[in-house]
Structures are given as C-alpha cells and as structure tokens.
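S.K.: just to be clear, the model below is a prediction. Sequence and coordinates:
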Amino acid sequence: MANRAITTRKNNACPFVINSPSSRSTITTDLKFKVIPYSIGATIIFPNKAKFKLSCIFVRKIRMKIKKYHPQHSVLTGDEIILAGFWRRTASMLIDIVIIGFLLRFAVKIFALAGVQLDHVNFNNFHVVVKSDTLSETAIGYIELGLTLIPTFYFALFNYFSNGKTIGKFITRIRVVSIYHHHISFWHCIERALGYAASALEAGLGFLQIFWNPNRMCLHDRIAETIVVNEKLIKVKK
C-alpha cells in the first residue's frame, strides 16, 4: 500500500509529523510540538494542543533506574579483632567431639532400655553410622537421622543461646561471631552446624581452608558468614 499523507497548514506554524516503521502512514500538521521516544522505534513529534485522538496504540519505553550493588558492611571493627588460631580451634573441636560422644552413648543407653539393640554406633565425619543385626535398613536409617540431630543441635543451640560459644569454646576462650549481625541468628547456627559435614569431605579440605583464607574462615564459616575470634579481643560497633 502506498504511503498516505495528511497535510494541514495553519498560520505557518512548525509542522507536526508522526512516522512509524510499523505503520505505513505519515500524518503532518502545523502545530507546536514536543518529542517523546517510544519503544517500537518510532519518534513521535506530538503537538501540545492537539485535540484529536490517534487510533494507533504506542507502548512507551520504560527507562529502568540503574542501581549499583551496595555491599553489606561488617558490624565488627577490624582493628580490634584477633582471629582464633588453629590450635585453639582444634582443641575446642576435640572437646566438643568428646562431649558429643557422651551424648551419643547416653542415647544408645536409652534405645537399649526401650528394647532397641544397637550393635555399633560410630560418629564419623559429623555423621552417625549405626549397625544392627536385628533392625531393618529402614529403621537403621531413621535412627541414624535421629542421632545425627544430636551433634547438629548441640552446636546450633549452644552457639545461638551463648552467642557463639560451645562448651569447647568456653574452655578455650574463643567465640563464633557473625560478620553481618550483632547476634548470630539461629538459622546461621544451623547452617554452621550442618557445614561441619561439608568441611569434613575430601579429607577435611574444608577445615584446611583456615591456612589460606585471609580471615581464617573454614568452609562452614563461609557458609554461615562467621569468623572465630579470641573472646576478649573483640569490640562490636554500637
């Protein structure tokens, strides 16, 4: 279809033009105008005082405001923090593992009183492994899951209610600190407790990250966004 043109002259004013690639039509009139960009690639020179309606529907281009990423800032002042060393953290972990061993033994005694005989219970890589000749594999699986909750909630509850200190950390005078919150949240405590199993994988590679991470963060620290510090040498921003 050939292009059609509608032209009107009024008082020798500036011409008004609509020219869209999606519409093979050109409308020209003599009125004052302003320019508005549209997304379909057309440039509309629209009159300020036009009193007619266009049958075409145009979708105006949406201009998104550009927002830069603002990183979260730590609530800790770096000049007043002394990170806990390898030996203190190792001693703390060994104390906690011994306590968890007593808790698991106590749980086995309760199962025995209930008539459930567990031949062997092993706490390996932060996962409880149970062997029994009298129980089915399904029952063993449920028992392993239940016993695995003991070390998980031991670490999570102590870290939450004592704000980052298990019994082992009380003794060695170190503490887990969130790098983004004044008080470590319960969910972060759960993440950190479950992260021990991830750190124990690949021959303990997650624990060995303490040697090359600039903040001595093991894998479970990075998961929960925490660091471990000497207790008396930290100061939290108010």
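M.R.: Structure's in. What do you need? Residues are numbered from 1 along each chain as shown.

S.K.: what pLDDT does the residue nearest to residue 96 when sequence neighbours are not counted get?
M.R.: What sits nearest to residue 96 in space, not counting adjacent residues and going by CB to CB, 6 or more residues apart in numbering, is residue 168, at 4.0 Å. For glycine as for every other residue, the C-beta is placed from the backbone atoms N, C-alpha and C. Per-residue pLDDT puts residue 168 at 96.

S.K.: shaky segments in the chain?
M.R.: By pLDDT under 70, the weakly predicted segments of the chain are 1-80, 232-238.

S.K.: just the helices in it please.
M.R.: Assigned by DSSP state H, the chain shows helices spanning 86-113, 137-161, 167-172, 186-208, 219-224.

S.K.: and those helices as a markdown table, adding distance to residue 120?
M.R.: Converted to a markdown table, the helices of the chain look like this (distance: least, CB to CB, whole Å):
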| stretch | distance to residue 120 |
| --- | --- |
| helix 86-113 | 10 |
| helix 137-161 | 11 |
| helix 167-172 | 26 |
| helix 186-208 | 20 |
| helix 219-224 | 27 |
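
S.K.: which residues sit in contact with the residue nearest to residue 96?
M.R.: Residues near residue 168 by CB atoms under 8 Å, 6 or more residues apart in numbering: 91, 92, 93, 94, 95, 96, 99.

S.K.: out of the helices of the chain, which is the most enclosed?
M.R.: For these, average neighbour numbers computed from mean count of other CB atoms under 10 Å are highest in helix 219-224, which has a mean of 22.

S.K.: what's next to that one, contact-wise?
M.R.: Helix 219-224 has contacts (CB under 8 Å, 6+ apart) with 178, 184, 188-189, 191-196, 198-199, 205-207, 209, 213, 215, 227-228.

S.K.: and what of stretch 127-145?
M.R.: Outside stretch 127-145, the residues within contact range by CB under 8 Å, 6+ apart are 104, 111, 116-123, 147-148, 150-151, 197.

S.K.: so what sits opposite the nearest residue to residue 147 once chain neighbours are set aside in the bridge?
M.R.: Here the nearest residue to residue 147 in space, its sequence neighbours aside, is residue 128; by CB to CB, 6+ apart that works out to 4.0 Å. Beta-bridge pairing for residue 128 (DSSP bridges): residue 123.

S.K.: numbering from 27 from now on, please.
M.R.: Sure thing, new numbering starts at 27, so read that last one as residue 154.

S.K.: now do residue 154 against residue 221, distance only.
M.R.: To residue 221, residue 154 is 17 Å away according to CB to CB, to the nearest Å.

S.K.: could you find the closest non-adjacent residue to residue 227?
M.R.: Spatial nearest neighbour of residue 227, chain neighbours left out: residue 151 (7.4 Å); criterion: CB to CB, 6+ apart.

S.K.: what sits against the one you found?
M.R.: With contact set as CB under 8 Å, 6+ apart, residue 151 has these partners: 223, 226, 227.

S.K.: switch the residues you listed over to a markdown table; also include distance to residue 108.
M.R.: Output for these, formatted as a markdown table (distance: CB to CB, whole Å):
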| residue | distance to residue 108 |
| --- | --- |
| 223 | 28 |
| 226 | 26 |
| 227 | 29 |
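
S.K.: and which of those residues is nearest to residue 189?
M.R.: residue 223 (23.4 Å; CB to CB).

S.K.: what sits up against stretch 113-132?
M.R.: Against stretch 113-132 from outside (CB under 8 Å, 6+ apart): 147, 149, 154, 173, 176-177, 180-181, 192-195, 197-200, 236, 254, 256.
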